[in-house]
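**Q** coordinates only, sequence not included:
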């Protein structure tokens, strides 16, 4: 029975000499690109150094507060003592601070907890974003994955404290990188594959806006002591 054998070779040197390896490289690159896309737009198990963390910790992106649409990147600061009392105008300001060139394809990124907290917000009756039958699609980040006319992507790598919301057109703000110079050829009794590192980086900080909160959402405790199932 053959076990797993790893050969550390520079596969890039053999691409021109082997159509099989060339085809394998193209196929692997496609799969890696899909994997990285999934890691940004959702939770991917066993993925180290998720791109979301790199974006949030990028000082050019979220190292300062956003003051207007002309301000490159930055965050809108939430001053409330709890997400339970979040002012809906903060959500609106985040949308209006994103430059028009990136607004068209922008999406909201947040975790389940934040999406649930925002959906609990009840805008005033005079607000154009009041939750009702006709306007429900505008303000349902948790149930319908929609907020102020933009899609909501639930990503559990997003924190519940700090930069809790990102609004961005990642197709233009983030770029995938691939290094073909350092690969591992993995041979087993039933398969052959190539392992290599992939990464990405912020390409355009102006494509990002965020919301910062220093307070996590507080769930209301439910007293079940007197509850009986008949």
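**A** Arrived safely. Note that this is a predicted model, so its numbers are computed, not measured.
**Q** could you list every residue that touches residue 167?
**A** With contact taken as CB atoms under 8 Å, 6 or more residues apart in numbering, residue 167 is in contact with 94, 95, 98, 106, 107, 108, 109, 150, 208, 209, 210. C-beta: built from backbone N, CA, C; applies to glycine.
**Q** can you list contacts of the helix or strand hosting the first one?
**A** If you go by DSSP states H and E, residue 94 is part of helix 88-97. Identification of contacts with helix 88-97 by CB under 8 Å, 6+ apart yields 66, 68-69, 71, 74, 76, 78, 103, 118, 121, 123, 127, 129, 147-148, 150, 165, 167, 209-211.
**Q** buried stuff in that helix?
**A** Within helix 88-97, the residues scored as buried using 16 or more other CB atoms under 10 Å are 88, 90, 91, 92, 94, 95, 97.
**Q** Quick check: the gap between the fourth one and residue 76.
**A** Computed with CB to CB, to the nearest Å, the distance linking residue 92 and residue 76 is 10 Å.
**Q** And for the fifth one?
**A** According to CB to CB, residue 94 stands 5 Å off from residue 76.
**Q** residues shared between the contacts of these two?
**A** Listed as contacting both residue 94 and residue 76 by CB under 8 Å, 6+ apart are 66, 209, 210, 211.
**Q** Start from the N-terminal end of this structure and give the helices.
**A** Remark: helices assigned in the chain by DSSP state H are 19-41, 51-56, 59-62, 88-97, 100-103, 112-119, 170-173.
**Q** By mean pLDDT, show me the worst of those.
**A** Comparing mean pLDDT across the helices of the chain, the weakest is helix 19-41, with a mean of 61.
**Q** Filter the contacts of residue 167 down to the ones in strands?
**A** 107, 108, 109, 150, 208, 209, 210 (DSSP state E).
**Q** Identify, from these, the entry nearest to residue 52.
**A** Of all the ones in strands among the contacts of residue 167, residue 52 sits closest to residue 109, with 7.2 Å by CB to CB.
**Q** returning to what we had before: want to throw the shared contacts of residue 94 and residue 76 into JSON lines with pLDDT, neighbour count and distance to residue 158?
**A** As requested, the shared contacts of residue 94 and residue 76 are exported to JSON lines (pLDDT from 0 to 100; neighbours: other CB atoms under 10 Å; distance: CB to CB, whole Å):
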{"residue": "66", "pLDDT": "97", "neighbour count": "23", "distance to residue 158": "18"}
{"residue": "209", "pLDDT": "97", "neighbour count": "29", "distance to residue 158": "14"}
{"residue": "210", "pLDDT": "97", "neighbour count": "27", "distance to residue 158": "10"}
{"residue": "211", "pLDDT": "96", "neighbour count": "25", "distance to residue 158": "11"}
